[in-house]
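A.B. asks: Could you look at this predicted model? Sequence included:
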Amino acid sequence: MSAYYHETNGHNGMSTKQHRNGNGTYPQKNSGDEYMMPEEEWERESVLDPAWERQQKKTFTAWCNSHLRKVETSIENIEEDFQNGLKLMLLLEVISNEQLPKPDRGRMRFHKIANVNKALDFIASKGVKLMVGAEEIVDGNLKMTLGMIWTIILRFAIQDISVEEMSAKEGLLLWCQRKTSPYKNVNVQNFHTSFKDGLAFCALIHRHRPDLLDYNKLTKEDPLTNLNLAFDIAEKHLDIPKMLDAEEINNSIKADEKVVMTYVSSYYHAFSTTQKAEQAASRICKVLSINQENEQMMSEYERLASDLLEWIKQKRPWLENRATDNTLNGTQAKLGEFRDYCRSQKPPKLSQKAKLETDFNTLQTRLRLSNRPIFTPTEGKLIANIVEAWKGLELAEKGFEDWLLRELRRLERLDHLGKKFQHKCDIHEEWSVGKIDLLKSADFKQYSLNDLRALLRKHLAFESDLAAHQDRVEQIAAIAQELNVLGYDQITRVNQRCEKICNEWDQLSNLTKQRRSALTEAEKIVENIDSLFLEYAKKAASFSNWLDGAREDLVDMFFIHTLDEISGLIEAHNQFKATLGDANSEFKTIIRLVEEARQICHENNLEITSNPYTNIESDEITSKWNEVQTLVPQRDQDLQNEHSKQQQNERFRMQFAQKANVVGPWIEQQHEQLQQLTVQVVGTLEQHQKQLEAMETSFVQYRPHIDELEKYNQQIQECMIFENRHTPYTMEVIRVAWEQLNTQLTRQIAEIKNQIYTLEKKGISEEQMNEFRAAFAHFDKSRSRRLDPKEFRSCLIACGYNIREDRQGDADFQRIMADVDPSQTGFVTFESFLDFMTRENSEEDNVDQLIQAFKTLSADKPYITAAELKRELPADQAVWCMQRMKPYTGADSVAGAYDYKTFSSALYGESDL
């Protein structure tokens, strides 16, 4: 073969054409001079094996006809049909797709030689040195004609085959080996014996078109069947003509590798188009899959956002409603509903909010990394809208809880005041019974002088009693006024009773003045009075009033919240008990006065009469005194019970405080640990993700401590405990810190996943990602995860950016700032920095690549048909494309044609679908 084909040396431009030695042979070639070396020399004087000659003639004729039929012609006898050079020139024009010089149309020998020379000159212009002359082709030399055709086949069918930078023959052989390696009984090592049984041909067909034959049914023992099956299928379905004869291939000891290579190269070229279509289809499927996933994420975001905003909209009116039934039980029930909301209803929605934010950031990251336009949610469903609505919900929660606690205090105060009002009114009304009738009476006009004097003194004592009751009436009026201010639900009855008492009191005051005036007129008549009765009346009135006050204080209800307050009441009660000795002496003195009067009457044989100066009998004094002595130990018991209750409340405070003082610092420690993990990544991103997920698991395991603290908080609220001096933490503070900790962890995990996704999709190495993180952390001195412009500029320089200290450098930096800080906040966040460095250090797919993929599927047409989409793409993605592609409207449009260029531009945000 080397006698007919030599290639120009590509390094120095010198011809590698060799000259024969004296013995008629050619010197051995250097393996680097040609991409392929023959196994034996093919000389002019040598004789081909007849079997090989028949194989070559048949194969080369079929190969030439496979190209000549494109111009509706063919050859029958290869050594004769090329003699005039016309079909030879036509063949070269078809396979090269170039125009040759106009042929000579004469039939003389020199016309034929001229045409053949034009063909040979064209072959030589392609870098091939031919050792055949035009006269040999014109004379019908079969051996030289076959050599020339083989040279054409090598140059135009085999030379362009390149696999891993190997020569054409080695590359074609390696291609066959790779494609047939999975098939049993196939071991392609050469082009003369490895294809004898036909299994290699069948394996090549099955590898690319498994629908055309069932390889598992073939056997090595039936080579003729295998060869004929492969040749028939190749001719019928792959448009490859039968270039080989099955019996000759099977019967020959060593087939001519030139004919096998020629036939196999037709397989390579037939399947290369299919491979390009598969690659183009794969690229389109990848792009469409990304868009389908993005659309699903967008739809899910819209659904979750609508659901969360609707839930917030429904809950706001309930939290902003300040209407109650004005009862303590009703308000406590409302507080129970609010606790159920905080524990059961809100946590799932908080998780939904965190998922929304995470999904939104993940979607935007995916869109940036795939060169898609950013996602803009429906109006009112932006993350900012959701954050604002959530903030409004939490403000409403805070206001609602504060209002409920204030309402509970108010209603408890109202209940206490209502009972106190009733008690004081009962005492006053009991005291005032009959007083008006007595003051209206004019019986003193019929009394004797002594009786009148007694009556006057008695009236003086009554005035003292009246003055003592003035304070009680004022207390009743003050309590009624406070009940009005606090909105007591039974205020109408309270006002009616208070008005009645005040009117009665005014009447008593007026009647008292009137009666005193009348008695003063009669005082001149009253001169004699029993000093004992007078002294008794004075002491009895004061002591009786003291007894009434003591009884009232001993049965008075108390309203306290702390241990110090009950301790103060116990101290005051002990002080009161310390005065009982003096009171007992006063009681004995009063009783002694009565006994002395009786003793005088007895000594003078007089009947004891009622004391004219007072209605207070000694039995009444004795009864009240005994009642006070009975009430003192009862009061002791009530105070001790309240003291025990406050001690229990103090234990509840301590129980909550001890737990809160553990949980609070733990949450703060987790915040610090999470902040450290956020700032510095140790190990790979996958290891860092596992650390964060381990922390997430620990949070789930720690949740029972929060629930336990909620239980303690419920005990405190049910016991009406409003202050706790043992801890700086409240349930609200811990609840908010816990929610923030979980939200921050969720965001950090999503950020690490996005970084891993960036490594996978953008080709950024983990070392580069760690370098970016380390550089950012170095200049983030405040650990706030953001840099000011000066720190950011230093960080870029540290990462290798050449930003000069001049106007041009300032302008370059301002352009970078506009990219990483589009909102002009004056700071660069870690996410923006990472996104910028990722874009700067990665390769991105673009609209041109997608358009080129569609162009390959459509065989270079400016449109693509539904049939081509269904054939090359999965069914769901083909339907997805056809639903979004616009019809092609060009002048060369056909029915069912789609415009893939506009569609591709829309996917990358350069136009609208």
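C.D. replies: Sure thing, it's come through.
A.B. asks: Could you use CA atoms for every contact and neighbour count after this?
C.D. replies: Noted.
A.B. asks: show me what contacts the residue nearest in space to the middle of the chain?
C.D. replies: Relative to the mean C-alpha position of the chain, the nearest C-alpha, by Cα atoms, centre = their mean, is the one of residue 358, at 2.0 Å. Residue 358 sits next to 746, 747, 750 when contact means Cα atoms under 8 Å, 6 or more residues apart in numbering.
A.B. asks: where exactly do the helices run in the stretch 451-600 of the chain?
C.D. replies: For the stretch 451-600 of the chain, the helices defined by DSSP state H, counting those that start in this stretch occupy 491-522, 531-555, 563-578, 580-603.
A.B. asks: relative to helix 580-603, how tilted is the shortest one?
C.D. replies: Think helix 563-578. Counting by axes from the mean of the first three to the mean of the last three Cα atoms, to 10 degrees, helix 563-578 lies at 30 degrees to helix 580-603.
A.B. asks: and of the helices of the stretch 451-600 of the chain, who's closest to residue 125?
C.D. replies: helix 563-578 (112.3 Å; Cα to Cα).
A.B. asks: what is the rounded mean pLDDT of the closest one?
C.D. replies: In this model, helix 563-578 carries a mean pLDDT of 80.
A.B. asks: Which strands or helices does it pack on?
C.D. replies: Judged by 3 or more Cα pairs under 8 Å, 6 or more residues apart in numbering; DSSP states H and E, the packing partners of helix 563-578 are helix 618-679.
A.B. asks: circling back to that earlier point, which of the contacts of residue 358 fall in strands?
C.D. replies: Among the contacts of residue 358, none falls in strands (DSSP state E).
A.B. asks: For these, give me JSON lines that also has neighbour count.
C.D. replies: Below are the contacts of residue 358 laid out as JSON lines (neighbours: other Cα atoms under 10 Å):
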{"residue": "746", "neighbour count": "19"}
{"residue": "747", "neighbour count": "18"}
{"residue": "750", "neighbour count": "19"}
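A.B. asks: would JSON lines of the residues you listed with distance to residue 726 and pLDDT be doable?
C.D. replies: Formatted as JSON lines, the contacts of residue 358 follow (distance: Cα to Cα, whole Å; pLDDT from 0 to 100):
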{"residue": "746", "distance to residue 726": "33", "pLDDT": "89"}
{"residue": "747", "distance to residue 726": "34", "pLDDT": "83"}
{"residue": "750", "distance to residue 726": "39", "pLDDT": "84"}
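A.B. asks: between the residues you listed, which is nearest residue 432?
C.D. replies: Nearest member of the contacts of residue 358 to residue 432, counting by Cα to Cα, is residue 746, at 73.7 Å.
A.B. asks: So the closest one is in contact with residue 354, correct?
C.D. replies: Yes: with contact defined as Cα atoms under 8 Å, residue 746 reaches residue 354; the gap is 7.1 Å.
A.B. asks: ok, back up a step: just the helices of the stretch 451-600 of the chain: most buried one?
C.D. replies: helix 531-555 (a mean of 19; mean count of other Cα atoms under 10 Å).
A.B. asks: circling back to that earlier point, with respect to residue 758, which of the helices of the stretch 451-600 of the chain lies nearest?
C.D. replies: helix 563-578 (61.6 Å).
A.B. asks: The closest one versus helix 531-555: what angle between them?
C.D. replies: Angle, helix 563-578 to helix 531-555, by the same axes, to 10 degrees: 160 degrees.
A.B. asks: what does helix 563-578 contact?
C.D. replies: 560, 632, 636, 639, 642, 643, 646, 647, 650.
A.B. asks: can you list the domains in the chain?
C.D. replies: 51-276, 286-417, 434-616, 644-755, 763-840, 847-908 (the TED database).
A.B. asks: Distance to residue 423 added to those, as CSV?
C.D. replies: As requested, those are arranged in CSV below (distance: least, Cα to Cα, whole Å):
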stretch, distance to residue 423
domain 51-276, 101
domain 286-417, 10
domain 434-616, 9
domain 644-755, 24
domain 763-840, 64
domain 847-908, 82
